[in-house]
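**Q** predicted model and sequence follow; I will ask about them next.
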Amino acid sequence: MKGVKRIDLGRDVPEQVADWLNDAAFTLAAMPANGCWPGGVRSYWPDIVADRDDLDWPMESDIRPPMPTSDEVSRMDLALSWVPMVTDRGHKAVVNMRLIVHPISGQQRWTWAKIGRKLGISHHTAKAWHGMACSAMAQKIRQPAFFSSHIAHFEHM
């Protein structure tokens, strides 16, 4: 999917949306996280692991993936702008959980089973909700008003 520059409305759009979101997750994981403070600003709080499950991620090495290109960041921004189109909170939660990827291993932080346990649903339901969210985004992307207002993003990427 990397390098695909536009959504093809003649093909399965929900599947393409899922692919774009997956690529966005990997691009987001490759973004540098250090040096985000303005010059001269310091934080004296220690680094904290927010969730005990974060300790379970395997660390093969300290080598980070290469910096994403500007095109990859633009596609990521566009794909992430689609997430607010999902109105169902549960569906949106599943999409957001699947956007968290380990930068080194490339593994999803939230497997379908973990999402199911967290939300109190089965992993099959979690997959279905993700598919429904992608379908909802695709339905709005297919609308002429949306597509014509975003055509510049699709054509110039």
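**A** Thanks, I have the structure now.
**Q** now the helices for this protein?
**A** Assigned by DSSP state H, the helices in the chain fall at 13-30, 70-82, 89-98, 112-119, 123-142, 144-149, 151-155.
**Q** for the third one, buried residues please.
**A** In this case it means helix 89-98. Buried residues in helix 89-98, counted by 16 or more other Cβ atoms under 10 Å: 90-95, 97-98. Placement of C-beta: from N, CA and C, glycine included.
**Q** make TSV from the residues you listed and add distance to residue 23 and pLDDT to it.
**A** Shown next, in TSV, are those (distance: Cβ to Cβ, whole Å; pLDDT from 0 to 100):
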residue	distance to residue 23	pLDDT
90	24	95
91	20	96
92	19	96
93	20	96
94	18	96
95	14	96
97	17	95
98	12	95
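**Q** nearest to residue 67 among the residues you listed?
**A** Lowest distance from residue 67 to those (Cβ to Cβ) belongs to residue 98, with 22.8 Å.
**Q** so what's the closest one up against?
**A** By Cβ atoms under 8 Å, 6 or more residues apart in numbering, the residues touching residue 98 are 21-22, 25, 108, 110, 115, 130.
**Q** which one of those residues has the most neighbours?
**A** Highest neighbour count within the contacts of residue 98, by other Cβ atoms under 10 Å: residue 115, with 23 neighbours.
**Q** pLDDT score assigned to the nearest residue in space to that residue that is not next to it in sequence?
**A** Setting aside the residues directly before and after it, residue 115 is nearest to residue 126 in space (Cβ to Cβ, 6 or more residues apart in numbering), at 4.3 Å. With respect to pLDDT, residue 126 has a value of 96.
**Q** so what's residue 142 up against?
**A** By Cβ under 8 Å, 6+ apart, the neighbours of residue 142 are 9, 13.
**Q** low-confidence regions, the protein specifically.
**A** For the chain, residues meeting the criterion pLDDT under 70 lie at 1-5, 33-64, 145-157.
**Q** about what we covered before: which residues does the residue nearest to residue 115 contact?
**A** Applying Cβ under 8 Å, 6+ apart, the residues contacting residue 126 are 94, 112, 115-116, 119.
**Q** over to residue 127?
**A** residue 112.
**Q** separation between it and residue 85?
**A** Per Cβ to Cβ, to the nearest Å, residue 127 is found 19 Å from residue 85.
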